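1. structure for this input, please:
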Amino acid sequence: MENISSVINTNTDNKKLDIKKVFICGGTGFLGFYSAKEFLRQGVEVAVLALPNEITLNQSWWPKEITVNYGMLFNLKKMHADENCLTKEQLVEYFKGYDVMVYAVGPDDRMHTHAGVSGYDFFHYYLVEKVIPVFEAAKEAGVKKAVLLNSYFAYFDRVWPEKHLADNHPYIKVRCEQADALINVGGGTENGGMDVVVLELPYIFGNMPEREPLWKEIFLDRFAKMPAIMFPKGGTNMIHVQGIAEAVVSAAFYGQHGDKLPIGAYDRKYKDMINMMMEDVGSTKRYMGVPTWMATIGGYMVANDLKKTNQDSGLNYKKLMKDIQSQDLYFGQDVIDKVRKHLHYDEFGFNGGGSLEDGIKKTMIACYPHRFDENGNLKKEWIGVNPIKKETATNNVFVNKKK
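-> Residues are numbered from 1 along each chain as shown. Model (predicted):
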């Protein structure tokens, strides 16, 4: 791995931006919501952009101090269906008067494409083509800094050049292109433009009101019929969602133009993550390690299934298990500490967010709320009961409970 100073700007004398108002694109989503609340705690005025009819603002959990604007940046259901999307001119009007814009929007790397659309074209459209006008609008409106939420895959593409991650996986290639394109759009305030800071995010745990975590559909449901959770032997960096909020806020104040910063907290094996998940919901299932060659066969099967429906993916399933899932995608404490020092965490009293145990438990409560009481404690009747797809409090009759 490269020397840390070659991949992270370790300057700690960076000037603090005077921030009074922040606009968050995706502020009603998981990461944007926590970031919005942290900005409020720092005394910053917050406005967000939400999808039409996405959120009911009379809900008791929604902070009344946050201004909500409605509009679509893109249509995920149909590419190039832009007739109902906000124009660049409209975005300029939204962004006027704000010091910082946070961009917390985009398709998940595990999404599959529309039929007939390649993985590269799909992600490039939504993560580059549709985002450039947003950053151009922010720059034109006089926004001083934009914070982009990106992926930690881009970080590992830099520090593991021999693995050719961007060459093998369209999503990773696009995330790298996204960061470079938007940094170029901003140009930097020293050049009369806008500073752009890129945060590269790992696995994230936590919950928010009225949202089912992606973990349920995309990860947990896939193992519903299996006696054990068969998964590769690698690991990854992980973080509590509050840690993302801390990173976004500190980057808004102290991030420098062109920063590409890996944001994380805990380096852990998938075994630890999965077993913690199962223990939290009372399940008897546990992690079962799978050799890379066997996992690769499974990847080929998924790729072939996608081919039958003329779909594609951002992560190449034929190479995913060897390139990524069987590797340890760890930052190391040195990297984590240097990023926090660079962003002046101590000044804000930040510690990297909540514990991994708390984040995973809250994720599981949000995935299976009927298993827990109002205090977040697992109900006794669910001890020893393995999760099923589309589970409710009544449709699982505990047939798989140990006698």
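2. what segments of the stretch 51-200 of the chain are helices?
-> Using DSSP state H, counting those that start in this stretch, the helices of the stretch 51-200 of the chain run over residues 88-95, 119-124, 132-140, 152-159, 165-168, 170-186.
3. could you dump those into TSV with mean pLDDT added?
-> Shown next, in TSV, are those (pLDDT from 0 to 100):
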stretch	mean pLDDT
helix 88-95	97
helix 119-124	97
helix 132-140	98
helix 152-159	97
helix 165-168	98
helix 170-186	98
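4. could those helices be laid out in CSV, adding mean neighbour count?
-> The C-beta positions use only the backbone N, C-alpha and C, and glycine is treated the same way. Listed next are those as CSV, based on neighbours: other Cβ atoms under 10 Å:
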stretch, mean neighbour count
helix 88-95, 17
helix 119-124, 22
helix 132-140, 21
helix 152-159, 22
helix 165-168, 19
helix 170-186, 22
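5. just put those helices in TSV and tack on distance to residue 243.
-> Conversion of the helices of the stretch 51-200 of the chain to TSV gives the following (distance: least, Cβ to Cβ, whole Å):
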stretch	distance to residue 243
helix 88-95	27
helix 119-124	25
helix 132-140	25
helix 152-159	13
helix 165-168	24
helix 170-186	20
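6. can you tell me which of those helices is nearest to residue 319?
-> Of all those, it is helix 165-168 that lies closest to residue 319, at 4.9 Å by Cβ to Cβ.
7. for that closest one, packing partners?
-> Packed against helix 165-168, as judged by 3 or more Cβ pairs under 8 Å, 6 or more residues apart in numbering; DSSP states H and E, are the following elements: helix 152-159, helix 170-186.
8. right, so of the ones you listed, which gets closest to residue 250?
-> Residue 250 lies closest to helix 152-159 among the helices and strands packed on helix 165-168, at 17.5 Å (Cβ to Cβ).
9. next, the angle helix 170-186 makes with the closest one.
-> 90 degrees (axes from the mean of the first three to the mean of the last three Cα atoms, to 10 degrees).
10. ok, which stretches of the protein are strands?
-> 21-25, 45-50, 67-70, 100-103, 145-151, 195-201, 203-205, 229-232, 235-240, 260-262, 266-269, 287-290, 328-329 (DSSP state E).
11. re the thing from before, of the helices of the stretch 51-200 of the chain, which is nearest residue 275?
-> Closest of the helices of the stretch 51-200 of the chain to residue 275 is helix 152-159, at 22.6 Å (criterion: Cβ to Cβ).
12. shaky segments in this structure?
-> Low-confidence segments of the chain (pLDDT under 70): 1-12, 54-58, 397-403.
13. now do 80
-> For the chain, the stretches with pLDDT under 80 are 1-13, 53-59, 396-403.
14. residue contacts, residue 145?
-> For residue 145, the contacting residues are 17, 99, 100, 101, 189, 194, 195, 196, 197, 252, 255, by Cβ atoms under 8 Å, 6 or more residues apart in numbering.
15. actually, residue 240.
-> By Cβ under 8 Å, 6+ apart, the contact set of residue 240 is 204, 205, 206, 265, 352, 353, 354, 355, 356, 358, 359.
16. what of residue 178?
-> Contacts of residue 178 by Cβ under 8 Å, 6+ apart are 127, 128, 131, 148, 150.
17. the fourth one contacts residue 198, correct?
-> Yes - between residue 148 and residue 198 there is a contact at 4.9 Å, judged by Cβ atoms under 8 Å.
18. who touches both of the two?
-> Residues touching both residue 148 and residue 198 (Cβ under 8 Å, 6+ apart): 179, 182.
19. buried ones in stretch 182-198, by neighbour count?
-> 182, 183, 185, 186, 188, 194, 195, 196, 197, 198 (16 or more other Cβ atoms under 10 Å).
20. just give me the closest of those to residue 109.
-> residue 198 (15.9 Å).
21. was I right about the closest one contacting residue 152?
-> No - applying Cβ under 8 Å, one finds residue 198 not in contact with residue 152, separated by 11.0 Å.
22. if we can go back for a sec, ok, so of the contacts of residue 240, who is nearest residue 377?
-> Closest approach between these and residue 377, by Cβ to Cβ: residue 358, at 14.0 Å.
23. ok so, going back, wait, which of the helices of the stretch 51-200 of the chain is closest to residue 288?
-> helix 152-159 (25.5 Å).
24. quick one: the closest one to strand 145-151, angle?
-> Using the same axes, to 10 degrees: helix 152-159 against strand 145-151 is 80 degrees.
25. tilt between helix 152-159 and strand 235-240?
-> Using the same axes, to 10 degrees, helix 152-159 lies at 140 degrees relative to strand 235-240.
26. so what secondary structure elements neighbour helix 152-159?
-> Helix 152-159 sits against helix 4-7, helix 165-168, helix 170-186, strand 195-201, strand 260-262, with contacts defined as 3+ Cβ pairs under 8 Å, 6+ apart.
27. got the angle for it vs strand 195-201?
-> Counting by the same axes, to 10 degrees, helix 152-159 lies at 100 degrees to strand 195-201.
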